[in-house]
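# Sequence first, then the predicted structure:
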Amino acid sequence: MQRLTLFFVLILSGFASGAEKKQPQIRFLAERVPKDLGEVCLVADDKQSESFTLPTNYLSERLKAPSRSFRVMTRSGGGVCLATIQLPENGADFIAILVPSTTGYRAILMPSANPTFKGGDVYFYNHCPNTVVGYVGTAKFGIEPASGKVIQPAGARVEKFYDVAFGVREDRENRVLSRTRWPVDDRSRSYVFFFVNPTTGRIDYRAVDEFTPPSDVVKSANSN
């Protein structure tokens, strides 16, 4: 009888250990953050994460999600809810891109290990009222307002760079925002935000790079 009891204890402890390993992790990247926002935390019922600062120029460290459904809350001002996040049932490693909305942020979720968004690729998000158009090398794109798209650059020059241009559609014509060159780099993927600059009132953009070592991608894929 004691052996049978021990057997069930070991089985249950194995299930508990497996459940702990499956606890989802999440990283954050915000398009912009108010200067007086302060630190935030993740909250689900009586569970709460450590406090952290929402980053805008890099992805945050991986944080353990308190649940598959949780809120991003401010630490000051009585705890204001900035975003509500519902993680998919499958997967254990996610990225949340936070785009400002009328009530705080809208969260755009994607798996960290994403075969459609790998090293060398670019994720564009259009948060301005005009359609954004452009090209990275020979890969052309058009992105409607309030939407995002992953672009796989193509047609690099022999000097190992891409010709890049961005613009916005205005009255059936395209107004150029920028013409530049990007180096070919399969070790990182990029996030590019188009938005209305609150200071100038003009359409602007900025890019954030994420280093993607192969070992990290494999580890994220195996955790799903």
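Alright, I've got the coordinates.
# For the protein, just list every one of the helices.
2-21, 214-222 (DSSP state H).
# Could you pull up the contacting residues of the residue nearest the centre of the chain?
A centroid search over the chain (C-alpha atoms, centre = their mean) returns residue 97, at 3.6 Å, as the residue closest to the centre. Listed by C-beta atoms under 8 Å, 6 or more residues apart in numbering, the contact set of residue 97 reads 29-31, 107-110, 123, 125, 148, 191. Using the backbone N, CA and C atoms, a C-beta is placed for each residue, glycine as well.
# and of these, the nearest to residue 162?
residue 123 (15.7 Å; C-beta to C-beta).
# Could you give the number of residues near that closest one?
22 (other C-beta atoms under 10 Å).
# my guess is it contacts residue 150, does it?
Yes - the pair residue 123 / residue 150 is scored as a contact, 5.1 Å apart, by C-beta atoms under 8 Å.
# can I assume residue 180 is in contact with residue 164?
Yes - contact criterion C-beta under 8 Å: residue 180 and residue 164 qualify, at 5.1 Å.
# So between these two, which is more surrounded?
Per other C-beta under 10 Å, whichever of residue 180 and residue 164 has more neighbours is residue 164, with 18 against 10.
# My understanding was that that one contacts residue 183; is that so?
No - contact criterion C-beta under 8 Å: residue 164 and residue 183 do not qualify, at 10.5 Å.
# how much space between the residue nearest to the centre of the chain and residue 186?
22 Å (C-beta to C-beta, to the nearest Å).
# Then residue 40?
33 Å.
# Also residue 67?
Counting by C-beta to C-beta - residue 67 and residue 186 are separated by 35 Å.
# neighbour count winner among these two?
residue 67 (16 against 11).
# If anything else comes up later, I'll come back, but that's it for now.
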